[in-house]
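Peer 1: sequence and predicted structure, then a few things I'm wondering about:
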There are 2 protein chains.
Amino acid sequence: MTGSPEGHSPDDGARRRTISGFSNPTVKYLRSLRDKKHRRRERKFLVEGLRLLTDARETGHVPELLVMAAGRDPHPLVAALEKAVAAEGGDIVETTPDILSKITGKDNAQSLVGVFPEFDTALDRIERDAADIWLVAQALRDPGNLGTMLRTGDAIGAGGLILIDDCADPFGVEAVRASMGAIFTQRVARASWAEFETWLRGGAGQLVAASLREAVPYREAAYAAPCFVMVGNESRGLPAEYETACDLRVTMPMLGRADSLNAAVAAAVLGYEVRARLG
Amino acid sequence: MTGSPEGHSPDDGARRRTISGFSNPTVKYLRSLRDKKHRRRERKFLVEGLRLLTDARETGHVPELLVMAAGRDPHPLVAALEKAVAAEGGDIVETTPDILSKITGKDNAQSLVGVFPEFDTALDRIERDAADIWLVAQALRDPGNLGTMLRTGDAIGAGGLILIDDCADPFGVEAVRASMGAIFTQRVARASWAEFETWLRGGAGQLVAASLREAVPYREAAYAAPCFVMVGNESRGLPAEYETACDLRVTMPMLGRADSLNAAVAAAVLGYEVRARLG
């Protein structure tokens, strides 16, 4: 576009500084965000790597603090990110690869880390009519499974992921990484089962879960939008009471010795079936 | 059953001993099996927990060495396991919870750990007509994904998992755990791409992969047994050459921003579709 701020200088807009000491308070702050307790208190989360940060920017989410390794090779996507941070009045910190490794806890640190404010996860911010599928996870403990569900939700056109009871932290580094950027496109809500059930029954919505008890084959079930596809805890599955509250219980073939699938796999197989059947 | 060896004494058959020192060579040996290099040299693998060890026993796989916490409560499944180890002339070691934690590397150690000889993973041990679906993973780096594929394979009645190029270790603790016992029911083979292609084309077999290039919708494709469902590396996907070599390239809906699914999810969605369509 003509008229865009071409020739943007690194000193325009963003507050820039360089950090070279491990004991710098910003380094300590960033490291603390890897700890669940601190992260939740600060209500911030970390996103690592140019790819995820670009996904974030392209969906309108710009980090309030961007940390970069000094002396990187120029890259147009990094420049675009810096420009976006500057435009929002955010902070940019340049530091050494060693300090970046300390922040990310990895030997081969990504050369970019962004800090974002946590999203509002109130259940009443879910607009159920905004999508015909929603995923629901109950007491899911594995952050990788949770991130994978977000990623699958993005693929099947779900509106978001509703977390029931005591789930893993959706804003933890592992969940954010496994979401492959879907943390920025899927709405996330947290609720107790009682809150969720009350909210769900306050409007249209079909609650569906895979089940071993009286259930219909998942390829033959009659799905209806908005369809809420629910999976339970990795070890215990869904409580019987929650299964009973479902509008539809479906079975998936289990032809071997095992009686269950990985939770993220179950959500995906069922979610893709619902996607195909709702058209 | 009458005639079964009721009243089996703990001293029948198995070689039993107690270990109370952290520096005991058996403890060092067991710990070394958590390290990929040592594990591969020894060609042994670890299985943790009563549930997985019972799955193993019920499919005819008995540990050559069983390590248990001393002073556990009696349990019929533990007794059955001890009896099976004794019948096979294996070793049983009793030790302290602290030493078990050291062996498993976890604070809350499972109270049982078994050592098994690695299975033969030669490609020519795959009998392709033994199943109508086989899963194939190319350069899959995440052991959790690999174990999840084994678990899914068990559920869809696949014959096993063929690992192409440089994959994660299927006998590592994390893959074994994620397989939820399917490491004992699914055949596992390892091969280079060239070896696999030669073997595949030496008999019947349809090679199928999800692809972004000229491909048919996965719900409309004509699958044929034995069907080999292949997924590629988590970051790079399948090499173009491998995709080209497929008999069938299929697309799955990707309605959001992302252009790919988690590898184990892709294998499951496609695998379940093939399962349903082959009948």
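Peer 2: Alright, I've got the coordinates.
Peer 1: list the contacts of stretch A:234-243.
Peer 2: A:138-142, A:145, A:164, A:193, A:209, A:211, A:213, A:230-232, A:249, A:260, A:262-263 (Cβ atoms under 8 Å, 6 or more residues apart in numbering or on different chains). C-betas here are computed from N, CA, C, even on glycine.
Peer 1: extract the CA atoms of it and return them as CSV.
Peer 2: The C-alpha trace of stretch A:234-243 is given here as CSV (Å, rounded to 0.1, in the frame of the first residue of the first chain):
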residue,chain,number,x,y,z
GLU,A,234,-7.2,-38.8,30.4
SER,A,235,-7.4,-41.5,33.1
ARG,A,236,-10.9,-41.5,34.4
GLY,A,237,-13.0,-40.4,31.4
LEU,A,238,-16.1,-38.4,32.0
PRO,A,239,-18.0,-38.8,35.3
ALA,A,240,-21.2,-40.9,34.8
GLU,A,241,-23.3,-37.9,35.8
TYR,A,242,-21.9,-35.8,33.0
GLU,A,243,-22.4,-38.6,30.4
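Peer 1: and that stretch, which residues are buried?
Peer 2: A:234, A:237-238, A:242-243 (16 or more other Cβ atoms under 10 Å in any protein chain shown).
Peer 1: likewise stretch A:202-220?
Peer 2: A:205-211, A:215, A:218-219.
Peer 1: filter these down to the ones close to chain B.
Peer 2: When Cβ under 8 Å from any Cβ of the partner chain is applied, the members of these adjacent to chain B are A:Arg219.
Peer 1: for the stretch 51-200 of chain A, which residues are neighbours of chain B?
Peer 2: A:55, A:58-59, A:144, A:148, A:151-157, A:178, A:180-182, A:185.
Peer 1: run a quick neighbour tally on the residue nearest to A:His75 when sequence neighbours are not counted.
Peer 2: Nearest-residue entry for A:His75: A:Leu50, 7.1 Å, with adjacent residues in sequence omitted and distances by Cβ to Cβ, 6 or more residues apart in numbering or on different chains. Neighbour count for A:Leu50, taken as other Cβ atoms under 10 Å in any protein chain shown: 17.
Peer 1: identify the residues contacting A:Leu50.
Peer 2: Contacts of A:Leu50 by Cβ under 8 Å, 6+ apart are A:75, A:77-78, A:81, A:110-112.
Peer 1: any weak-confidence spans in the stretch 1-150 of chain A?
Peer 2: Along the stretch 1-150 of chain A, segments meeting pLDDT under 70 span A:1-13, A:107-110.
Peer 1: by neighbours, which of the contacts of A:Leu50 wins?
Peer 2: A:Leu112 (25 neighbours).
Peer 1: how much space is there between the residue most central in space within chain A and A:Arg275?
Peer 2: Centroid-nearest residue in chain A, with Cα atoms, centre = their mean: A:Ile183, separated by 2.9 Å. Distance of A:Ile183 to A:Arg275, computed by Cβ to Cβ, to the nearest Å: 20 Å.
Peer 1: give me the number of residues near the residue of the stretch 1-150 of chain A found nearest chain B?
Peer 2: In the stretch 1-150 of chain A, the residue that lies nearest chain B is A:Thr148 (4.7 Å; Cβ to the nearest Cβ). For A:Thr148, the tally of surrounding residues (other Cβ under 10 Å) stands at 29.
Peer 1: which residue ranges of the stretch 151-279 of chain A form strands?
Peer 2: Here the stretch 151-279 of chain A has its strands, by DSSP state E, counting those that start in this stretch, at A:160-164, A:187-191, A:206-210, A:216-217, A:227-231, A:248-251.
Peer 1: ugh, typo on my part, it should be the stretch 1-150 of chain A
Peer 2: Going by DSSP E, counting those that start in this stretch, the stretch 1-150 of chain A shows strands at A:15-19, A:44-48, A:65-69, A:91-95, A:112-117, A:133-138.
Peer 1: mean neighbour count, those: which tops it?
Peer 2: Among the strands of the stretch 1-150 of chain A, strand A:133-138 has the highest mean neighbour count (mean count of other Cβ atoms under 10 Å in any protein chain shown), at a mean of 26.
Peer 1: how long is stretch A:18-31 from one end to the other?
Peer 2: 17 Å (Cα to Cα, to the nearest Å).
Peer 1: residues contacting that stretch, please?
Peer 2: Residues contacting stretch A:18-31 (Cβ under 8 Å, 6+ apart): A:46, A:65, A:67, A:70, A:93-96, A:98-99, A:102-103, A:105, A:113, A:115.
Peer 1: one more pass at 7 Å, please.
Peer 2: Applying Cβ atoms under 7 Å, 6 or more residues apart in numbering or on different chains, the contact partners of stretch A:18-31 are A:67, A:70, A:93-96, A:99, A:102-103, A:113.
Peer 1: of those residues, just say which sits nearest to B:Ala130.
Peer 2: A:Val113 (48.9 Å; Cβ to Cβ).
Peer 1: leaving aside the residues next to it on the chain, what's closest to that closest one?
Peer 2: Per Cβ to Cβ, 6+ apart, closest to A:Val113 is A:Val67, 4.5 Å.
Peer 1: the one you found pairs with what?
Peer 2: On the basis of DSSP bridges, A:Val67 is bridged to A:Val93, A:Val113.
Peer 1: isn't it up against A:Val93?
Peer 2: Yes. Counting by Cβ atoms under 7 Å, A:Val67 touches A:Val93, with 4.7 Å between them.
Peer 1: show me which of the residues of the stretch 51-200 of chain A next to chain B are buried.
Peer 2: A:55, A:144, A:148, A:151-157, A:178, A:180-182, A:185.
Peer 1: just list whatever residues bridge to the spatially closest residue to A:Leu270 that is not a sequence neighbour.
Peer 2: Distances taken as Cβ to Cβ, 6+ apart place A:Val229 nearest to A:Leu270, at 5.3 Å, with adjacent residues excluded. A:Val229 has these beta-bridge partners by DSSP bridges: A:Leu135, A:Val208.
Peer 1: my read: A:Val229 touches A:Leu207, true?
Peer 2: No. A:Val229 is beyond contact range of A:Leu207, at 8.6 Å (criterion: Cβ under 7 Å).
Peer 1: next, the buried residues of stretch A:171-191.
Peer 2: In stretch A:171-191, counting by 16+ other Cβ under 10 Å, buried: A:171-173, A:175-191.
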